[in-house]
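> Predicted model and sequence follow; I will ask about them next.
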Amino acid sequence: MLLPAAQLKAHLEGPLAPLYLLHGDEPLLVIEAADALRAAARAQGFDEREVLVAGPGFRWEQLAQAGGNLSLFGGNKLIDLRIPTGKPGREGGEALVRHGELLGRGTQGVLTLITLPQLDWQTKKAAWFSALSKAAVVLELNAPPLRQLPGWVAERLARQRQAATPEALEFIAAHVEGNLLAAHQEIQKLLLLHPEGTLSLEQVEAAVFDVARYDVDKLRAAFLAGDAPRAARLLEGLRAGDTAPPLVLWALAQEARTLAQLRVALDLGASFDAACASLRIFGARQGPYRAAAQRCPTPLLRAALLQAARIDRMIKGLARGDLWDEFLQLVLRLSPRTAA
C-alpha cells in the first residue's frame, strides 16, 4: 500500500503494519519518517530493536535470524534494516522476498522497517521491490517542487508556532536552493532567535545570512575582481564559520549565470551598456562585470555552471566528493588572472 507522506501521522495513531518501506530523494524526510515510525513502535510495545545495515560484508542470513530470534521474555521486536545503496543484489533480493513472505503469513511480534535512498526506475521494477511493495506500507519521500517550497517552510514554521510573510517564505526557499536539510536548520535558527508569532522579511534575512552575509558578498566581489587569493581566503573563512553550503552556491552560481548571459550578449554583438541594461546592471555595478566579462570566455563560464550543478548534486547527497574543494575549484575558475 502506497501511503502519502501527509497521512503518516494519522496512520501511526492506529495499529502498525508488519512491514514498512521508506525511500525517496530527500534524506531529511526519510529520516524524519523513520524516526516517527520507531517512536510509534516503542509506544505500541516494540521494546526490542535490532539494526541491520546492508553494507559491504553484510550477510543476508542475519535478516532471517533477526526475524526468528525473538526475545526469551516474549517482547516484540523492530527490525531496522537500512540499505544505503538501494541495491541489495541477487542474494539480498531473494532474502527480502522471503522476509516479506514470512511477514505476510502473520508472524507475530515482528515489525520491519526498511529504509532506502532514491531509487531509479530499474530498481523499482526489480522483483524484490515489487514483492515488498505488495506486502508493505510504502512511503516515497521526495523533496517538494521549488514552487511548493515556501508552503513547506510555512508548515514547518507553524509547528514551532511561528509564521512569516510571503516575501520571507520566498526568501528562505530561494536561498536554500531546494535543500530541505538547510531549510530545516534555518527554521530551527528562527525559533532560537525569535519568539512565537509572525516574522518579517528583515528578521528572516538577518537570521539566514547572519554574519556570513557580509563574507559571501565579499567573496562575490573578490572573484568578480579576479582576486583569486582573496577569494580563496574568504571561502576558507566561510567554511570555518560553518556557513550553509547552499548559501555559498547560490552566490557563486548567480554570478556565474549573470556573467554567462552577459558574455553571450557580447558575443552576439551587443554593446556592453545594452547587455548590462538587459540584465538590469546599472551604474557603479557595471565596472566589476566589465572586467570579469573580459577575462572569462563563454566556454569557461559554461564549465563553471556545470561545476555549480555538480556541487548542487553533492549538497543534496546525489554525488560524492569534497564539497569545499569543489567550491575552491569553482572560485579559482571564475577568477582567472588573464583576459580572454
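Received, thanks. Please read these numbers as outputs of a predicted model, since none were measured by experiment. Numbers count the residues shown, from 1 in each chain.
> By mean pLDDT, flag the weakest helix or strand of the protein.
Of all helical and strand segments in the chain, the minimum by mean pLDDT, DSSP states H and E falls on helix 212-224, at a mean of 74.
> need the next SSE after that helix, C-terminal direction.
Downstream of helix 212-224, the first helix or strand assigned by DSSP states H and E is helix 228-240.
> Can you point out the buried residues in the helix or strand just after that next one?
Proceeding N to C from helix 228-240, the next assigned helix or strand is helix 245-267, under DSSP H and E. By 16 or more other C-beta atoms under 10 Å, the buried positions in helix 245-267 come out as 245-253, 255-256, 258-260, 262-263, 265-266. Where C-beta positions appear, they are placed from N, C-alpha and C, glycine not excepted.
> do stretch 188-204 as well
L190, H194, L199, L201, Q203, V204.
> Need the contact partners of it.
Outside stretch 188-204, the residues that touch it by C-beta atoms under 8 Å, 6 or more residues apart in numbering are 157, 160-165, 167-168, 171-172, 207-208.
> Rounded mean pLDDT for it, please.
Averaged across stretch 188-204, pLDDT comes to 89.
> Endpoints of that stretch, how far apart?
The first and final residues of stretch 188-204 sit 12 Å from each other (C-alpha to C-alpha, to the nearest Å).
> What of stretch 116-131?
15 Å.
> same question, stretch 282-302
Start and end residues of stretch 282-302 are separated by 24 Å (C-alpha to C-alpha).
> how near is the closest residue to P117 other than its chain neighbours to T115?
Excluding the flanking residues, the one nearest P117 by C-beta to C-beta, 6 or more residues apart in numbering is G86, at 4.9 Å. The span separating G86 from T115 equals 10 Å under the rule C-beta to C-beta, to the nearest Å.
> Compare the two and say which is more crowded by neighbours.
Each of G86 and T115 has its neighbours counted (other C-beta atoms under 10 Å); T115 has more, 23 against 16.
> Give the intersection of the neighbour lists for G86 and T115.
Common contact partners of G86 and T115 (C-beta under 8 Å, 6+ apart): H23.
> Now E326: which helix or strand?
Judged by DSSP H and E, E326 forms part of helix 323-333.
> got the buried residues for that helix?
Result for helix 323-333 [16+ other C-beta under 10 Å]: buried residues L323, E326, F327, L328, L330, V331, R333.
> tell me what it is packed against?
Helix 323-333 sits against helix 228-240, helix 245-267, helix 298-315, with contacts defined as 3 or more C-beta pairs under 8 Å, 6 or more residues apart in numbering; DSSP states H and E.
> In helices, which of the buried residues of stretch 188-204 appear?
Taking DSSP state H as the definition of helices, the buried residues of stretch 188-204 contribute L190, L201, Q203, V204.
> which one is the last one nearest to, not counting chain neighbours?
The shortest distance from V204 to any residue other than its chain neighbours is 4.1 Å, reached at A168 (C-beta to C-beta, 6+ apart).
> neighbours around the closest residue to L334 other than its chain neighbours, how many?
With C-beta to C-beta, 6+ apart as the criterion, L334 has its nearest non-adjacent residue at 4.6 Å, and that residue is F223. By the criterion of other C-beta under 10 Å, F223 has 29 neighbours.
> right, and D227 touches S335 too?
Yes - between D227 and S335 there is a contact at 6.6 Å, judged by C-beta atoms under 8 Å.
> Phi and psi next, for D47.
D47 adopts backbone torsions of phi -80, psi -20, taken as degrees, to the nearest 10.
> That'll do, ta.
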